[in-house]
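K.L.:
Structure, please.
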Amino acid sequence: MDNQEATIEFYGASWCGDCVRAQALLEHYGAPFNYHDVDASAEDKARAIELSGRPNIPVLAFPDGSVLTEPSNPLLNAKLTELGMI
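P.N.:
Purely as a prediction, here's the structure:
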């Protein structure tokens, strides 16, 4: 996968500790992502729930069509490695 074109859709909120942690990890590796603030947009909040099937955040939608909700750092590392994004 060409990681120049691959972008993660990241649904989160500034008050969410898991969101802050996951965002920091993505920024650490320079993984490209579009941040969607679920508090600022009812549409983004609905999309996050639609993707994950539950109201928990963060929700990360990957270029391969997979979705992770509240991923641990090791799980997120493994997914980024699998996709060749790090």
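K.L.:
and the gap between residue 71 and residue 84?
P.N.:
Separation of residue 71 from residue 84 (Cβ to Cβ, to the nearest Å): 17 Å. For glycine as for every other residue, the C-beta is placed from the backbone atoms N, C-alpha and C.
K.L.:
go on, residue 31?
P.N.:
Between residue 31 and residue 84 the distance is 11 Å, computed by Cβ to Cβ.
K.L.:
Residue 23 now?
P.N.:
From residue 23 to residue 84 the distance is 20 Å (Cβ to Cβ).
K.L.:
what about residue 46, which helix or strand?
P.N.:
Following DSSP states H and E, one finds residue 46 within helix 42-52.
K.L.:
so how far is that helix from its chain's centroid?
P.N.:
12 Å (Cα atoms, centre = their mean, to the nearest Å).
K.L.:
Just the buried positions in that helix, please.
P.N.:
44, 45, 47, 48, 49, 51, 52 (16 or more other Cβ atoms under 10 Å).
K.L.:
again, but for stretch 8-21
P.N.:
8, 9, 10, 11, 12, 13, 16, 18, 19.
K.L.:
Which one's more surrounded, residue 31 and residue 84?
P.N.:
Using other Cβ atoms under 10 Å as the criterion, residue 31 and residue 84 rank with residue 31 on top: 21 against 10.
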